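Visitor: structure, please.
(chains A and B)
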Amino acid sequence: MSGKTPVLSIKGLHVGIDGNSILHGIDLKIKPGEIHAIMGRNGSGKTTAASTIMGHPDYEVESGSIELNGADLLELEAWERARKGVFLSFQYPQSVPGLQVGHFLRKSVAAIRGDEAAKGAPFRDALKSAMEEVSIPRSFLSRYVNDGFSGGEKKRFEILQLMLLKPKLAILDETDSGLDIDGIRVVSRGINAAIRGSDSGALIITHYSRILEHVKPDYVHVLIKGKIVKSGGPELALELEERGYEWLESDTTEDD
Amino acid sequence: MAMEEAREAVGDYKEGWHDPEHSTIRFDSGLSEEVVRKISKIKNEPEWMTEVRVKAYHHFVNRPMPGFGDREALEGIDFDKVCYYLRSSDATEKDWEDVPEDIRNTFDRLGIPEAEQKWLSGVTAQYESEAVYHSIREDLETQGVIFLDMDSGLREHPELVKKYFCSVVPYQDNKFSALNTAVWSGGSFIYVPKGVSVEMPVQAYFRINAKNMGQFERTLIVADEGSSIHYVEGCTAPTYSTDSLHSAVVELIAHEGAHIRYSTIQNWSANVYNLVTKRGIAHKDATIEWIDGNIGSKLTMKYPAVILKGEGSHAEVISVAYAGKGQHQDAGAKIHHLASNTTSKILSKSISKDGGRGSYRGMVTVSPKAENCKLNVVCDALILDDGSQTDTYPTMEVANPSARCEHEASVSKVSDDQVFYLMSRGHSEEEALAMIVNGFFEPFTRELPMEYAVELNKLMALEMEGSIG
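Guide: This is a model prediction of the structure:
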């Protein structure tokens, strides 16, 4: 393979919450420009993986390592990871009443990409085109962060942030859940615009293959009971669509 | 005071510095009829005022402490240790250059002259007991707007002051209104003539500098028919290990169709008792709004009130309170619907943190003859940690069945997931908390002039610093 440092490198990752082990040794490498998908049923550990990479304090890393562009992430708090270039699109984005969307976006761009990126015409132009890309009207800017948003609006707002924050690694946790076909098309357009042709990597977490028809992954991994049991190309997603997860579950040995 | 103790006392309070005390007159601490008469004499007041002061003094002596609020903290006030009058400058100047240098520097540091140039119609700056600076834009003066410090108001417009003084808040109202009436000094006197709209706000700034100081300003605002005015006040004090007392009385009179908005950002240091009586009377179709922010002080007891006396009048009280370590904010609102078709709205928001206590105490009444009144009360509390406390004491006495009453209350805690979400966007835990807190206060902040809103947001960000264990 090429000598490029992977954007994300996870080795032997074991993670637990409240004393219960959830991930039992995950290995994953995402190279610049690659899009990977992790598929699995509810409860297989997908959201745990996403939250752990972002640095949620409730998830305890028992062993293993996570590196971003070759640098250790585990010692860093979530906000420091964000500033290094990790982004998480949440399955359930939190609302912050009274915090205006426009103000929040500007502050977040300043925190992650620096004050210059959050100023003047360059910021306004980037904001305008990103909003058009994910079909968010201007009136959105004076609303409060996720407060009273519909499910679809929340997801589009997550992708708007992805586009403006330009992370090195984008993790998209169930971005397609609760979206109709048009919604999936819109957020996919945003994801492609943010990742394709860049040096960034993306990790798409989903249990349906629908979104993967619009954002073509380079690799698909199947997560069952906290382990990656199978990896393959985009065709694996289609196979899962046809056959479900059962045929892979029977392969899993209960050795933990 | 040991260094550590000093830091403990000052905390993050950025206005906690003080200047060397200088006075042209400083009374010995303690209160007596003689002290009251002396204050009146120094000010060369008409006899009726001296007599009101003396009557109020005796009422104060005999009146028990309020039976509500933080009684334990109230008992901690030592009235004998308070200095009731301190004059630092012999004149109220119209030019900052003429204000004694130390005092001018104080107000420079607080940014008052700068704000005046940018966005205010008039400014009065009070230092200890007396106004040291005062000015009003010429065009307002030619329209007949009176904006003076209260002492000058009494000298120059005795008939107006006599007519309205104690007409909204009689000295017998409570122990602290009696105390204020006895020893009042400074404050603002405003009269807006019929039909005049004062577009830009006028501001008063109150600064306590000396130790154990008592500040007792008295403010009277009369808005004549169809006029409007926005009055803004700010307050700060140095941090000392001994207590100071701030006990103001504010009276507002909004005549037919007039509009008075009174905005306060109280940011006293944590050694100040802040016990204030604020009340307005709204005549036919008039509007009175109290926009009341309480960030500092040791104990605040303040319930801005509106008497809706005229048909179709409207009252609004929007208040926020922040209770940090060792602080108790007992704040709320009182509204009395005496006439038909009157409407009122109360929005109260409090945040408690580091063991602080925020209380909402509200009273809304509708008299039997008042038809078709509308009342809306919303109080929200946000608790930032386990040791902090919030209480709500809402009272509604509705004696007319045609009234439409709405009351909502909520208590919430900052959730870990909310903080994590903001942290994932590059904001430290402290920044995330400040965003949540400022968002919670936003319905209040958006009512303030922009300069104040920015200042308040910065203040809250400062309060969130160093708060993460």
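
Visitor: name the surrounding residues that touch the one helix or strand in chain A whose mean pLDDT sits lowest.
Guide: Within chain A, no helix or strand scores below helix A:246-249, which has a mean of 85 by mean pLDDT, DSSP states H and E. Residues external to helix A:246-249 that are found in contact with it (CB atoms under 8 Å, 6 or more residues apart in numbering or on different chains): A:222, A:224, A:229-230. Any C-beta I mention is one placed from the backbone N, CA and C, and that applies to glycine too.

Visitor: let's have these in CSV, adding neighbour count.
Guide: Shown next, in CSV, are these (neighbours: other CB atoms under 10 Å in any protein chain shown):
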residue, neighbour count
A:Val222, 24
A:Ile224, 19
A:Val229, 17
A:Lys230, 16
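
Visitor: tell me which parts of the stretch 1-150 of chain A are close to chain B?
Guide: The stretch 1-150 of chain A has residues A:54-58, A:77-79, A:81-83, A:87-88, A:90, A:92-100, A:104, A:107-108, A:111-112, A:144-145 near chain B, with proximity defined as CB under 8 Å from any CB of the partner chain.

Visitor: got a quick ChimeraX command for the buried subset of these?
Guide: Here is the ChimeraX command that picks out the buried ones among these, judged by 16 or more other CB atoms under 10 Å in any protein chain shown:
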select /A:54,55,56,78,79,81,82,83,87,88,90,93,94,96,97,98,99,100,104,107,108,111,112,144,145
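
Visitor: can you tell me which of the residues of the stretch 1-150 of chain A next to chain B are in strands?
Guide: If you go by DSSP state E, the residues of the stretch 1-150 of chain A next to chain B have A:87-88, A:96-100, A:144-145 in strands.

Visitor: low-confidence ranges, the chain, go.
Guide: Picking chain A for this. Applying pLDDT under 70 to chain A flags residues A:1-3, A:250-256.

Visitor: hmm, I had chain B in mind actually
Guide: B:1-12, B:466-469.

Visitor: so which bits of it are right by chain A?
Guide: Within chain B, the positions lying close to chain A (CB under 8 Å from any CB) are B:415-418, B:420-429, B:431-432, B:435-436, B:438-443.

Visitor: quick one on the thing from earlier: could I get the contacts of helix A:246-249 as a markdown table with distance to A:Leu162?
Guide: Below are those laid out as a markdown table (distance: CB to CB, whole Å):
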| residue | distance to A:Leu162 |
| --- | --- |
| A:Val222 | 25 |
| A:Ile224 | 28 |
| A:Val229 | 29 |
| A:Lys230 | 28 |
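
Visitor: residue nearest the centroid of chain A?
Guide: A:Ile171 (1.5 Å; CA atoms, centre = their mean).

Visitor: please confirm that that residue is located within a strand.
Guide: Yes: secondary structure of A:Ile171 (DSSP: H, G, I helix; E, B strand; the rest coil): part of a strand.

Visitor: surely it touches A:Gln91?
Guide: No: A:Ile171 lies out of contact with A:Gln91 (CB atoms under 8 Å); the separation is 10.7 Å.

Visitor: what are the structural domain limits within chain B?
Guide: Following automatic domain parsing, chain B resolves into domains at B:3-302, B:415-469.

Visitor: now these in JSON lines, with distance to B:Ser367?
Guide: Below are the domains of chain B laid out as JSON lines (distance: least, CB to CB, whole Å):
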{"stretch": "domain B:3-302", "distance to B:Ser367": "14"}
{"stretch": "domain B:415-469", "distance to B:Ser367": "28"}
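
Visitor: leaving out sequence neighbours, find the closest residue to B:Gln418.
Guide: Nearest residue to B:Gln418, sequence neighbours excluded (CB to CB, 6 or more residues apart in numbering or on different chains): A:Gln94, at 4.6 Å.

Visitor: surely that neighbour meets B:Ser415?
Guide: Yes: taking CB under 8 Å as the definition, A:Gln94 is a contact partner of B:Ser415 at 7.4 Å.

Visitor: who's in contact with stretch B:111-121?
Guide: With contacts defined as CB under 8 Å, 6+ apart, stretch B:111-121 is touched by B:96, B:107, B:123, B:125, B:135-137, B:140, B:147, B:198-203, B:205, B:232, B:449, B:451.

Visitor: all helices of chain B, in order?
Guide: B:3-10, B:33-42, B:47-62, B:71-75, B:101-109, B:112-119, B:138-142, B:150-156, B:158-164, B:175-183, B:416-423, B:429-445, B:450-464 (DSSP state H).

Visitor: cool, the stretch 101-250 of chain A as well?
Guide: Using DSSP state H, counting those that start in this stretch, the helices assigned to the stretch 101-250 of chain A run over residues A:101-113, A:120-133, A:151-165, A:181-195, A:210-214, A:235-243, A:246-249.

Visitor: before we move on, back to that, looking at the domains of chain B, which is nearest to A:Ala50?
Guide: domain B:415-469 (10.4 Å; CB to CB).

Visitor: quick check, central residue of chain B?
Guide: Short answer for chain B (CA atoms, centre = their mean): B:Thr264, at 5.2 Å.

Visitor: quick one: residues contacting that one.
Guide: Shown in contact with B:Thr264 (CB under 8 Å, 6+ apart): B:232-235, B:290-294.

Visitor: ditto for B:Ile77
Guide: B:243, B:245, B:273.

Visitor: how near is it to chain A?
Guide: When distance is defined by CB to the nearest CB, to the nearest Å, B:Ile77 is 36 Å away from chain A.

Visitor: how about that residue, phi and psi?
Guide: phi -80, psi 130 (degrees, to the nearest 10).

Visitor: if we can go back for a sec, for the ones in strands among the residues of the stretch 1-150 of chain A next to chain B, which one is nearest chain B?
Guide: For those, the closest approach to chain B (CB to the nearest CB) belongs to A:Gly98, at 2.9 Å.

Visitor: thought that closest one was touching B:Val437?
Guide: No: with contact defined as CB under 8 Å, A:Gly98 does not reach B:Val437; the gap is 9.0 Å.

Visitor: how far away from the center of its chain is the least confident helix or strand of chain A?
Guide: Taking CA atoms, centre = their mean, to the nearest Å, one finds helix A:246-249 lying 25 Å from the centre of the chain it belongs to.

Visitor: quick revisit: selection in PyMOL covering whichever of the contacts of stretch B:111-121 are buried, please.
Guide: To isolate the buried members of those in PyMOL, using 16+ other CB under 10 Å:
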select buried, chain B and resi 96+107+123+125+135+136+137+140+147+198+201+202+203+205+232+449+451
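
Visitor: inside strands: which ones of the contacts of stretch B:111-121?
Guide: Residues of these located in strands (DSSP E): B:123, B:125, B:135-136, B:147, B:202-203, B:205, B:232.

Visitor: what is the neighbour count of B:Ile146?
Guide: 18 (other CB atoms under 10 Å in any protein chain shown).

Visitor: what sits opposite A:Val220 in the beta ladder?
Guide: Partner residues in beta bridges with A:Val220, using DSSP bridges, are A:Ala37, A:Gly232.

Visitor: was I right about it contacting A:Leu236?
Guide: Yes: using CB under 8 Å, A:Val220 makes contact with A:Leu236 at a distance of 4.2 Å.

Visitor: neighbour-wise, which of those two wins?
Guide: Under the criterion of other CB under 10 Å, the comparison of A:Val220 against A:Leu236 puts A:Val220 first, with 25 against 21.

Visitor: residues contacting that one?
Guide: Residues near A:Val220 by CB under 8 Å, 6+ apart: A:36-37, A:39, A:212, A:231-234, A:236-237, A:240.

Visitor: buried ones among those residues?
Guide: For the contacts of A:Val220, a burial check counting by 16+ other CB under 10 Å picks out A:36-37, A:39, A:212, A:234, A:236-237, A:240.
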